[in-house]
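> here are the coordinates; sequence isn't available:
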DNA sequence: TCGCCCCT
DNA sequence: AGGGGCGA
């Protein structure tokens, strides 16, 4: 559906495209594409493709492609550091600028180059000028553009993966702000890509809260005494600078006065010229799109200009349900064949297709039939059309919005994910926290009707507690809305995403969008998503049963959902002051290093750019390259730099710079901004992310907080328990090697663990034929590396690299190792044989991963699959064990009475927050639970050793 | 998108 | 071996 239709526009809109941004994005989105003479065409290709599709879909009357002019603009005068962190535009991109402008013109479109300002300013100015007379649709992704939104100004991002149309109402829902407040908001939170620091310690979360009370920077300044003391402190030194920042984040509205609407009137496309152009740049795949333009083509040829009626194709008689756009994959898409006049030929549906069910719109819970004892499917569907309808509902934070991944995120927001989520979670806003969905489809098994529900989520949760069984694509998304869904008994849930994950953990995509694509296969119409969900669930249940995965699903993964939701909600406390002080020191040190490095280099350059760094090291300083990257560039990786250490003093400085920069950009700067009012950070645990069964953590990732090196301890010390509490950390010792000992029954390993020996020393003594007490530290280190290799499937490649020995030496090492530990070798061979026979491997409790490549004729692929098979058995079984431990921990009565709360899981470690006086007892209990795990009901043949610690900070506890 | 680098 | 985040 075209944008005009989706927005219900009656006047021809003015489309303004942020051309520079798309060229830039296209250039990085697609690597190396070139004409046969080597001329780069990647950005040209993508931009041209976007334009062709846009023309076909929208038939614009007024369109402007706006490009950034060269040189500095007023922002650099205000603030010299503006975009100072940007490196020079890559040459291959520069080369494509001219061809892109030709493409634009050839397609009958017009471009404008902003002068003395940026493309965004030009767009904002044109939008401000023309919105009074017609709708303006801005095509772009830059968040600055959001300030242009108005009743008559829309923002559209065709996106790489997911397109997104934003109206001013959407913006208000998502942010709680008015577009006019956006520059103020941005000025405060900062923008690293433009080198605007913002107010330190103020993240989107805090800022949103401030701006709901104080609408502008002026209000913040004028009502300064009424701010919370903590906030006052942060703003104190920035009351002036924030106004400067706002001048940077505010787009001009009176630039580009010379441009009038007539400039942007779209001309017909000259098919011949376009074809020539595409041929010139060898963009053959786009040729077919020319004829698809149909009526837009200039009447040079004789092609019949068929009216293209947007409402073609079969219409279903269901009420209220959106028609899926994908259904119109036409058989007549090939070039040359003009569309047959008004004759929808493929009207006939395939035989046997079940009829669409009627959809009943309901917004009051009492109008739904009783679901007691019944099977129900609940699916949130939504597209922009639905969103538009939704704006009639009261604007709520945490409103259900269509989410590109998985089903729907009930606390989704585009601009401010973390903050909005947290507000929804903490219930700390003035809102009720009762999120309202756009369109929840529900279907009661056996019913002849499907319901499209737009009422209160809380009411729905209450209603649903009576259901026998609830099928939905993402249970955790419901639980984290805190709208009463925890009242639904665990055993009643069936999580479609989880089922799909257990059936194929390597798939990566468990979105409802993806799952529902099976409508055809199941012979069901996509118009009834909830009924489809029930059908998919039935299919999944059968397949889980067939794969012996039901027990894993029902008794581990589904119960774990709630545990994870709770952990996310609790969050972990950070010491803000420690973060701030650390950041300050690191920033000072970075500044110092930058100066020194630039001095040594004889001029300023971007140290973060691997390209510019490589140029300095290998061209100007004449050092010898030691390695290459896959892309053919000269590597500047740590391994290479370490080899060059001592050859030039800057190497050390650069390594130090990298470490500090990583620390700053990944941890010190963003994390304090993600904390809520109580100073707690809420990660998201992803249960469907890994191929082995481990969890992952994101937004932020709390599973990769530095621990080693000069800064590790200090970094971890910044994560603390709240006042009056302690952190308890307990981790499995060598869990993967213990699993390996158990699975292989290798006597050496079994004995070592049963006697609680140092496993690396023991391995070394076997490997090097020396008594355990005579093992040298060096030998132990080598043995440790081999033991790691063992867990990863023992590739000689990796081992050689790790031990810094030759490939042949590594191979000999492995051979020697297996000669001494025969049972281990037999176990590896067994895993491989099983994988070959079944096409999959399973963990201790039957989690399954497919490894089809084990049959591959390609040696590389086959070896890779073999390593994956082995690692999956070991890493996956370890993951099973800690997941069981998490469940036991969360359900333990003693820990509950000690008020111990799970806050983190880091693969082999669990972190609790406990009132200080209970810490010791909780730690002992936790360690008992963890070491007492019996996967599959039987204890392992080696003890599961657990170490624990207690402390105010994570470092101390670890 | 890739390269780099943090974690188990 | 399995992850996630940042900057170009």
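Everything's here; your move. No experiment lies behind these values; they were computed from the predicted model shown.

> C-alpha only now, for contacts and for neighbours.
Will do.

> what sits up against stretch A:553-573?
With C-alpha atoms under 8 Å, 6 or more residues apart in numbering as the test, stretch A:553-573 has contacts from A:425-426, A:475-476, A:479-480, A:486, A:490-491, A:493-495, A:498-499, A:502, A:678-685, A:719-722, A:883-884, A:886-887, A:890, A:901-904.

> out of the residues you listed, which are close to DNA strand B?
Under the cut-off given by C-alpha under 7 Å from any atom of the strand, DNA strand B has nothing from those close to it.

> for PyMOL, write the select line for the buried members of those.
Paste this into PyMOL to select the buried members of the contacts of stretch A:553-573, with burial taken from 16 or more other C-alpha atoms under 10 Å:
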select buried, chain A and resi 425+426+475+476+479+480+486+490+493+494+495+498+499+502+679+680+681+682+683+684+685+719+720+721+722+883+884+886+887+890+901+902+903+904
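
> among the contacts of stretch A:553-573, which lie within helices?
Using DSSP state H, the subset of the contacts of stretch A:553-573 located in helices is A:425-426, A:475-476, A:479, A:498-499, A:502, A:883-884, A:886-887, A:890.

> interface residues of chain A facing DNA strand B?
Within chain A, the residues that sit near DNA strand B (C-alpha under 7 Å from any atom of the strand) are A:28-31, A:610, A:629-639, A:655, A:658-659, A:662, A:703-709, A:712, A:906-909.

> hmm, try it at 6 Å
A:28-31, A:610, A:629-631, A:635-638, A:658-659, A:703-708, A:712, A:906-908 (C-alpha under 6 Å from any atom of the strand).

> Provide a PyMOL selection command restricted to the buried entries of the residues you listed.
Filtering these down to the buried ones (16+ other C-alpha under 10 Å) takes a single PyMOL command:
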select buried, chain A and resi 635+636+658+659+703+705+706+707+906+907+908
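
> what helix or strand does residue A:700 sit in?
Using DSSP states H and E, residue A:700 sits within no helix or strand.

> ok, now residue A:831?
helix A:822-838.

> who's in contact with residue A:763?
By C-alpha under 8 Å, 6+ apart, the contact set of residue A:763 is A:780, A:783, A:784, A:787.

> now with 10 Å?
Counting by C-alpha atoms under 10 Å, 6 or more residues apart in numbering, residue A:763 touches A:748-749, A:752, A:769, A:772, A:775, A:779-780, A:782-784, A:786-787, A:817, A:820-821.

> give the buried residues for the helix holding residue A:831.
Counting neighbours by 16+ other C-alpha under 10 Å, one finds that the buried residues in helix A:822-838 are A:823, A:824, A:825, A:827, A:828, A:831, A:832, A:835, A:836.

> state the distance from residue A:368 to residue A:36.
Distance of residue A:368 to residue A:36, computed by C-alpha to C-alpha, to the nearest Å: 63 Å.

> so which of the two has more stuff around it?
Higher neighbour count among residue A:368 and residue A:36: residue A:368, with 16 against 9, using other C-alpha atoms under 10 Å.

> right, and the more buried one touches residue A:447 too?
No. Counting by C-alpha atoms under 10 Å, residue A:368 sits too far from residue A:447 to count as a contact (11.7 Å).

> give me the residue from the stretch 101-250 of chain A nearest DNA strand C.
residue A:192 (6.1 Å; C-alpha to the nearest atom of the strand).
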